[in-house]
Structures are given as structure tokens and as C-alpha cells.
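Undergrad: here you go, sequence then predicted model.
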Amino acid sequence: MRKSTSVALAASIAAVTLVPLPATAAGSASQNGQECSVQSSVPDKHQMRAEWIAGVYNIDWPSAAGLDVAEQQAELRELYDEAVDNGLNAVFVQIRPTADTFWPSEYEPWSEWLTGEQGADPGYDPLEFAIEEAHERNLEFHGWFNPYRVAMHDDPERLVDDHPARQNPDWVFAYGGQLYYDPGIPEAREFVQDAMMDAVENYDMDGAHFDDYFYPYPVDGEEIPDAETFAEHGGEFDNIGDWRRDNVNRLIEEFGERVSAAKPHVKFGVSPFGIWRNADSDPDGSATSGLESYDAIYADSRTWVREEWVDYINPQVYWEIGLEVADYAELVPWWADVVAGTNVQLYIGQAAYKVGGAGWEDPTELSQHLTFNRDYPEVAGDVYFSATSLRTNAAEAMEIVVDEHYTHPALVPVHDGLGGEAPPDPLVRGATHDEETGTELRIISRDRDATAYYAVYRFDGPPQRPEQVCALADPRTMVGTVRADGTETTFLDEQGTHSQTYYVTALDRLHHESGPSRPVHVR
């Protein structure tokens, strides 16, 4: 039986006393079968709050190649603990940075970013460890893949002898000082999908995630060397740009279908460059004048959403509010309009790495972004690049975000297209209070297989139904979540005091929430 504390941010929340919501509230809704009034000022209860943890160039984890197992594991635990402290509920961890892997793969060698030597066994399974530690903290885990990038250099001889790129040199081209698999070669496209699906099929991930690299970003004076590929595989395409976009579209559609067939509960999402097209080029584009990913890197991200080939889209809106060439306040509404009417969720990629630099001198810039997002209900959350920035240059900015937006926990948004259903409501065997440690709840599952975790809610005073049941819709009453641990799970509320009432709900791994347990009053 595991003992778990509530999330660290919840430890600072005083117990909340909520009265019945007034008749003049914004509307009404059903909360666990109870008709309740709903106030417009109630924060979103379901919200993606995530960070990218990058492996390439040892940006985040591991911080250097060649650390021993204990050092690597300690680093990731610390990053995860900081994510919890910042109120986050998910991590997007890079597990295939450059056609090498963070797990023992039959397709590709061990990653050089682990040991400093491509193909060298790190002495443990980093992906298995990363998933287990994330779930221990009830963080959703998305495995982050870079589909086509082979190496951050352009010398095939530096790859291990049995690397697929060396065994199939006709699949690879050099561009801008790096090596890439050619997206126009069907066999290469199938291979990279097989290599990534190996992780999806064999590990308990919650999401499969692509970044923005498909065809390489343009380099002045260089042309992508794929004319022969186009001549062989271009078919009826007259325009090489349309053919390249089709190649990327095929990857997105095919991989999404494969993920859904293998693991229907695993979400597939992409984090494209923040500008699809400018309105000057296309009337459907945004009021911007920056690089257009549709034309520059052949990423037709709007089509991916409209065709619902992805479960979520996570555009990198890496610009400040008011920037003329790419205004955050123009792009978020544009993306909100793109996802409107689809079954695709929208998360906004936030440029924490820019905080403190030109245009980002104001530490409140990130918080202003989240305030702006509130006016667009299509925005289901935010993802920060990257973990190291949240402890260095963006530390003050993130403190402001936590203070102004993340003072209460949030559940990961439910995706209606992925199935799942709420587990039975749990039992709370009892609660004990200790003046030094707080209040401990013992939670019993009615369905061990269906229950992934629990949410715990707290009120001052004795039970007051139905008012408190209605108030469970307000995340400010939630003190934390805890991963289910077999039949009985222990939750420790370090801020618990006498004369408080607790309710507990059970959730499946897709975040469908049960009705509440019977109230438990700590006398």
C-alpha cells in the first residue's frame, strides 16, 4: 500500500467553505446527478498543464551524456517533482530525439544523448522508468518523437555501423548540416512509424507526440536534395511542394490510425510551428507575416485538424502579445477557430525559454498569455518549453503563473473521441488526523481495473449535501489527486485540520470522473 501526499501546490490552499451558488449564476449543470447552478467565475476544472522535457543536446534530461544510472534517475525525479510543484499534470518527454531511442529497441540504437556513445546500453530502461515515475506522481506521460531527424550532424560515418540510416543510405539526405530520413520514400516513412510504434505498443504511455520537424526548416542557399525522389515517387503531382505536403500528411494520418488501432486510449498529437499560413498568402490564414509552415516545411497543420487525424494540436505560439509579425493575440483566436467544430483539442505551446530576452523582459508575459486564453474556451491548456527554463530564466514568470492561474489542481481534459467511462464511486474507509502530519484518508476502489487515480475534495465544517456535491465542479475545492494503488490507496492532506469534510472521486486513465464517495467528516 502506497502512501502519497497531495500535490505540493494544494498544500498551500486553505480549506474552502462554499455556499450554495446563487440563482443569478451564469447557468446550470448536472454535477454527479445533482442539478447545480454554475457561476461564470468558476475556473476550468479540466486543463492540460504540461512541460516538454527535451533530450536532444541534453537540454533537459539527462542534463549531460554519460551520467550514471542513479544520477540520471535522480535528475528526472527532480524535474517531475518541480512539475508537480508548478501545478502541472502532464509531461511530454523526448524519447526518440535523432533516430535513436530511450528504450531497448529492435529498430534503432540506444540514444547517444544517454551515454555519449550511440548504441551504448545505459544500464536500465529509461522509458520504463520515466513512465513509472510520472504515473507515481499522477502525471500524464506523452512520449515525444522526432520522426525524420537522423542526426544533428551530416556525417553518416559517425552513426553506429548497424544504424538503419547506414544500412539504407538511399533513405537519407543531408541538409543544413544535419541528416534526415527522406519523407518522400514510402519505405522510410513506414520504417519510422514502425520504430515509433515499438514504444507505443510496448509501454504504458498516455500520449504519442510529434514536434514540428518534418521536412527541415529552410537554410539560405540550400535546396532539399529530393529531386530524384520526386521523380520516382511523385506520381501525378506536378508541384513538388504539394507532393511534400502529401508525404507529411500521409505520415500524420497513417501514424494516427496505427496508434488508435494498437492503443485506443493513447492520444496522438502534434506540436506544429505556430503559423500555418499568413492571410496575405491565403484568406484562411492568420493576420501575421512570419514564416509559413505550410510553404516552408510542408506542414499542412490546418488539414490535420480539419480531417481529425490528430487527437490534439499543440501549436508553438512562441511570440509575445503585440508582436507585429506574429502576435500571440492574433494566433490563439486563429487556432481556436481552426479546432472549432472538430473533435481535436487545442493546447498552446508557450515559449518559456524566451523569458528575459528581447520582447520578453516583463516576467508577467506568460501569465498574460493564460489570462488571454480564458476568452477562448477552445483552448484546453498549455505546454511549456522547456523544463529547464522553468527552473532558470523563467522561474519568476512561472511563480506568477502559479500564483495567478495554478493555485488549484486541474484534471487533464477528457477527450470524447477516445472512449472510456467513469469508474464506480470509491469508498473511503476512514480518515485519521494528526496535528503534525495532517489528515490521512484510506480509499477503497470498487473496480481496480477501471480506476487509474482519485481526486480528493475538502470543505470546512460538517457535511452539507447537496451544496458540497455541487461545489465539486469548482476545482478550488480539490486538494489533490493520487494514483490508485491496488485495492486500497492512502492520501495524506498535509493541511488537513479538525472539523473538515472530504469527498473522493475515482477517475479512469482518460479522466472520466465518478460520483463522489460518501462524505467523511474529520471531527
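TA: That came through fine.

Undergrad: what about the strands in the stretch 201-350 of the chain?
TA: With strands called from DSSP state E, counting those that start in this stretch, the stretch 201-350 of the chain shows them at 207-210, 267-270, 312-313, 345-350.

Undergrad: can you pull the contacts of Gly359?
TA: Trp319, Glu320, Leu323 (C-beta atoms under 8 Å, 6 or more residues apart in numbering). Heads up, the C-betas are built off the backbone N, CA and C, glycines and all.

Undergrad: the same query, at a cut-off of 6 Å, please.
TA: For Gly359, the contact set (C-beta atoms under 6 Å, 6 or more residues apart in numbering) comprises Glu320.

Undergrad: what about it, distance to Ile321?
TA: 10 Å (C-beta to C-beta, to the nearest Å).

Undergrad: do Ala64 as well
TA: Ala64 is 36 Å from Ile321, by C-beta to C-beta.

Undergrad: go on, Ser367?
TA: Distance from Ser367 to Ile321, by C-beta to C-beta: 11 Å.

Undergrad: export the strands of the stretch 201-350 of the chain to JSON lines and append columns for distance to Ala299.
TA: Below are the strands of the stretch 201-350 of the chain laid out as JSON lines (distance: least, C-beta to C-beta, whole Å):
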{"stretch": "strand 207-210", "distance to Ala299": "10"}
{"stretch": "strand 267-270", "distance to Ala299": "8"}
{"stretch": "strand 312-313", "distance to Ala299": "11"}
{"stretch": "strand 345-350", "distance to Ala299": "14"}
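
Undergrad: nearest to Asp434, of the ones you listed?
TA: strand 207-210 (38.2 Å; C-beta to C-beta).

Undergrad: give me the mean pLDDT for the longest helix anywhere in the chain.
TA: In the chain, taking DSSP state H as the definition, the longest helix is helix 240-262. Here helix 240-262 scores 98 as its mean pLDDT.

Undergrad: begin at 4 from here
TA: Shifting the count to begin at 4 puts that one at helix 243-265.

Undergrad: where do the helices sit along the stretch 354-503 of the chain?
TA: 368-376, 398-408, 470-474 (DSSP state H, counting those that start in this stretch).

Undergrad: could you give the number of residues near the residue nearest to Gln75 when sequence neighbours are not counted?
TA: Nearest non-adjacent residue to Gln75, counting by C-beta to C-beta, 6 or more residues apart in numbering: Pro65, 4.7 Å away. Here the number of neighbours of Pro65 (other C-beta atoms under 10 Å) works out to 21.

Undergrad: Pro65: which element?
TA: Assigned by DSSP states H and E, Pro65 belongs to no helix or strand.

Undergrad: am I right that it is in contact with Ala77?
TA: No. At 10.1 Å, Pro65 does not count as touching Ala77 under the criterion of C-beta atoms under 6 Å.

Undergrad: isn't Val459 up against Phe494?
TA: Yes. Shown here, Val459 and Phe494 form a contact pair, counting by C-beta under 6 Å, at 5.4 Å.

Undergrad: hmm, back to that, which one of Ser370 and Ile324 is surrounded by more residues?
TA: Applying other C-beta under 10 Å to Ser370 and Ile324 shows that Ser370 carries more neighbours, namely 20 against 16.

Undergrad: list the contacts for the more buried one?
TA: Ile403, Val404, Glu407.

Undergrad: would you mind checking these for buried ones?
TA: Neighbour counting by 16 or more other C-beta atoms under 10 Å classes Ile403, Val404 among the contacts of Ser370 as buried.

Undergrad: nearest to Arg248 among the contacts of Ser370?
TA: Val404 (35.8 Å).

Undergrad: that closest one and Arg253, how far apart?
TA: 38 Å.

Undergrad: Thr508 contacts Ala458, correct?
TA: Yes. Judged on C-beta under 6 Å, Thr508 makes contact with Ala458 at a distance of 4.9 Å.
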